[in-house]
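*Asks:* next input, structure requested:
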Amino acid sequence: KQSAALWGSTHVSQVWRNNIALNNRVETGTGFGLAFYKASTTSTLTSNNNDLYVPTHANSFIGRVGTTNYATLTDWRTLTYDLASVSFNQQFRAGTDLRIDTLLGTPVNNIGVPIPRVTADIDNQVRSTTTPDPGVDEFNAPAFNVHDIGVTSLARTAANDSPVSSQPSPRETPAHVVQT
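*Replies:* Reported below is the predicted structural model:
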């Protein structure tokens, strides 16, 4: 038994761009789970600007061509596929809502390439004409720095009896700063 998020057969000149292909299914026994399966070793394929993801598991592979498995995106790239793609377990808003959860950081933001006939997303939002997002949803989100933290005070504790000092930034008004 096998499952694949993207499946290419024996067609000539297939082009796969701007897809999010997640296969979180974990197969058991002799089965395997794939992000991308290319059945024929002789068919031609162009694949790039995608998110190809499978969980880390003995029976999970980013790609398969014929009967040869490629465990990681780095392995898959040896075939010159997906050189500008990522492998990330993308979070969506809900199980059947394939819009990106913009409250979480994501490396898929703006990794796509323009496809002239695809001008709007599932919500009829205009696609970027320079760096569209892969998948069905065009979105704007911070890449990874979505949760900033700051120090408002430092204090000496009994466990570490060394003096600690800090200079607040001009935007901070700390409640307590220990000076040495």
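*Asks:* pull the number of nearby residues for the closest residue to F92 other than its chain neighbours.
*Replies:* Using Cβ to Cβ, 6 or more residues apart in numbering and skipping the chain neighbours, the partner closest in space to F92 is L98 (5.5 Å). Yep, even glycine has a C-beta here, placed from its N, CA and C like the rest. The local packing of L98 (other Cβ atoms under 10 Å) involves 14 other residues.
*Asks:* contacts only, for L98.
*Replies:* If a contact means Cβ atoms under 8 Å, 6 or more residues apart in numbering, then L98 has 92, 122, 135-137 as its contacts.
*Asks:* need the worst-confidence member of the residues you listed.
*Replies:* Least confident of the contacts of L98 in the model: F92, at 86.
*Asks:* hang on, it packs against I100?
*Replies:* Yes. The criterion here is Cβ atoms under 8 Å, and F92 meets it with I100 at 6.5 Å.
*Asks:* for the strand or helix carrying F36, name the packing helices and strands.
*Replies:* Per DSSP states H and E, F36 falls inside strand 32-38. Strand 32-38 sits against strand 2-8, strand 20-22, strand 51-53, strand 60-65, with contacts defined as 3 or more Cβ pairs under 8 Å, 6 or more residues apart in numbering; DSSP states H and E.
*Asks:* so for the second one, mean pLDDT?
*Replies:* Along strand 20-22, the predicted local confidence has a mean pLDDT of 93.
*Asks:* who touches the most centrally placed residue in the chain in this structure?
*Replies:* Taking Cα atoms, centre = their mean as the criterion, F88 is the residue nearest the geometric centre of the chain, at 3.0 Å. By Cβ under 8 Å, 6+ apart, the contact list for F88 reads 51, 53, 106-108.
*Asks:* ranges for the strands of the protein?
*Replies:* Ranges of strands in the chain, per DSSP state E, are 2-8, 14-17, 20-22, 32-38, 45-48, 51-53, 60-65, 68-70, 153-154, 176-177.
*Asks:* now the angle between strand 2-8 and the fourth one, please.
*Replies:* Between the axis of strand 32-38 and that of strand 2-8 there is an angle of 10 degrees, by axes from the mean of the first three to the mean of the last three Cα atoms, to 10 degrees.
*Asks:* quick one: the residue lying closest to D75 once chain neighbours are set aside from A4, how far?
*Replies:* Excluding the flanking residues, the one nearest D75 by Cβ to Cβ, 6+ apart is I62, at 6.9 Å. Distance of I62 to A4, computed by Cβ to Cβ, to the nearest Å: 11 Å.
*Asks:* likewise for L83?
*Replies:* In terms of Cβ to Cβ, L83 sits 21 Å off from A4.
*Asks:* now swap in R93 and tell me
*Replies:* Taking Cβ to Cβ, one finds R93 at 24 Å from A4.
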